[in-house]
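J.: just need the structure, nothing else, for what follows:
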Amino acid sequence: MIRRRPPTRRRRRRPSRRHQQRGAQLIAFAVVAAAVIGLVVMVVNWLLAHWWVLVVAMVLAVLAGAGWLYSRQQWARWEAVRAQGLRCGLPQLDALHHSRFEEAIRDLMQRDGCRDAQRAGGRGDLGADVKATDPFGRRWMIQCKHRRNGAQGSPVGTPDLQVLNGTARQVHGADVAVIITNGRVTGPAVAFAKQQRLHVVDRQTLAVWASGSRPLWELLRAVPPPRRASPTS
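T.: Sure, this is the predicted structure:
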């Protein structure tokens, strides 16, 4: 009798590592997608139950957009002034935000030849809103006091001058310490400034300086002597 050999069993191929990795990736993707969808459904249901949150978010978004537009308008307004040769009137300065007012003072100092003029206002500025070095080498430290209502706003008083006097020379090493406002200055504050060799630029002086082409040091009295000769001399 002829013996038949049993049929050979075909070996099953094990899935390759690539196939295993793809399968694992698909499973992970499915798990993540399911988690994301579940989270989205939870958030939607929560917002539907707390609809007022959407209202508050929309109000905040509108306020943020309005603030951004206002800032852009302030920037465009001052850029228009700069395009006119940095000659502006008090109405333009009155309409600025206090931070834009500081930038305006910085730009006017740059117009006068203070190439390193910079705005330093902000938290921890220790009274220095604008710093600059004039063409004669004198270091300027300027404190700005902007009033929305101009001459009708609250006046600059002696306490403001005391802050300037306490930090201008000792902290910032200024040769010329100035406080500039588009509003009024009280009589005692003016007297204190003279005693302490501080300079006050009130609304009238600011109008002359901003609308003309004379540098600020030509409008102030008793400015310290130059540290060096002018580059144009």
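
J.: secondary structure element for the residue most central in space within the chain, which one?
T.: Geometric centre of the chain, nearest residue: Ser99, 7.2 Å, by C-alpha atoms, centre = their mean. Ser99 belongs to helix 98-111 when assigned by DSSP states H and E.

J.: can you give me the buried ones in that helix?
T.: With burial defined by 16 or more other C-beta atoms under 10 Å, the residues of helix 98-111 counted as buried are 99-111. No exception for glycine: its C-beta is placed from N, CA and C like everyone else's.

J.: next, the nearest residue to Val190 once chain neighbours are set aside: phi, psi?
T.: Once flanking residues are discounted, Val190 sits nearest to Val200: 5.9 Å by C-beta to C-beta, 6 or more residues apart in numbering. The phi/psi pair for Val200 (degrees, to the nearest 10) reads phi -120, psi 130.

J.: also Gly183?
T.: With angles defined as degrees, to the nearest 10, Gly183 sits at phi -120, psi -140.

J.: which residues in this protein form strands?
T.: 118-119, 130-133, 139-145, 176-181, 199-201 (DSSP state E).

J.: parallel or antiparallel, list what pairs with the first one.
T.: Right, the one you point to is strand 118-119. strand 130-133 (antiparallel) (DSSP bridges).

J.: could I get the CA-only coordinates of the strand it pairs with as PDB?
T.: What follows is strand 130-133, C-alpha atoms only, in PDB (Å, rounded to 0.1, in the frame of the first residue of the first chain):
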ATOM      1  CA  VAL A 130      10.600 110.400  29.000                       C
ATOM      2  CA  LYS A 131      14.400 110.400  29.000                       C
ATOM      3  CA  ALA A 132      16.600 112.200  26.500                       C
ATOM      4  CA  THR A 133      20.100 113.700  25.900                       C
END
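
J.: okay, Gly85: pLDDT?
T.: For Gly85, the model assigns a pLDDT of 57.

J.: what average pLDDT does stretch 89-98 get?
T.: When pLDDT is averaged over stretch 89-98, the result is 91.

J.: same check, this time on stretch 184-203
T.: Regarding stretch 184-203, the rounded mean pLDDT is 96.

J.: what do you get for stretch 138-155?
T.: Stretch 138-155 comes out at a mean pLDDT of 93.

J.: gap between stretch 147-167 and the chain center?
T.: Distance, stretch centre to chain centre, for stretch 147-167: 22 Å (C-alpha atoms, centre = their mean, to the nearest Å).

J.: cool, and stretch 31-47?
T.: Distance, stretch centre to chain centre, for stretch 31-47: 39 Å (C-alpha atoms, centre = their mean).

J.: cool, and stretch 24-42?
T.: Stretch 24-42 has its average C-alpha position 42 Å from the chain's average C-alpha position, going by C-alpha atoms, centre = their mean.

J.: hey, C-alpha coordinates of it in CSV?
T.: Taking C-alpha atoms only, stretch 24-42 is exported to CSV below (Å, rounded to 0.1, in the frame of the first residue of the first chain):
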residue,chain,number,x,y,z
ALA,A,24,-2.0,51.0,17.2
GLN,A,25,-2.0,54.5,15.6
LEU,A,26,-5.5,54.0,14.3
ILE,A,27,-6.7,52.8,17.7
ALA,A,28,-5.0,55.8,19.4
PHE,A,29,-6.5,58.2,16.8
ALA,A,30,-10.0,56.7,17.4
VAL,A,31,-9.6,57.1,21.2
VAL,A,32,-8.4,60.7,20.9
ALA,A,33,-11.2,61.6,18.4
ALA,A,34,-13.8,60.0,20.7
ALA,A,35,-12.3,62.0,23.7
VAL,A,36,-12.4,65.3,21.7
ILE,A,37,-15.9,64.7,20.5
GLY,A,38,-17.0,63.9,24.0
LEU,A,39,-15.3,67.0,25.4
VAL,A,40,-16.9,69.2,22.7
VAL,A,41,-20.3,67.7,23.5
MET,A,42,-19.7,68.4,27.2
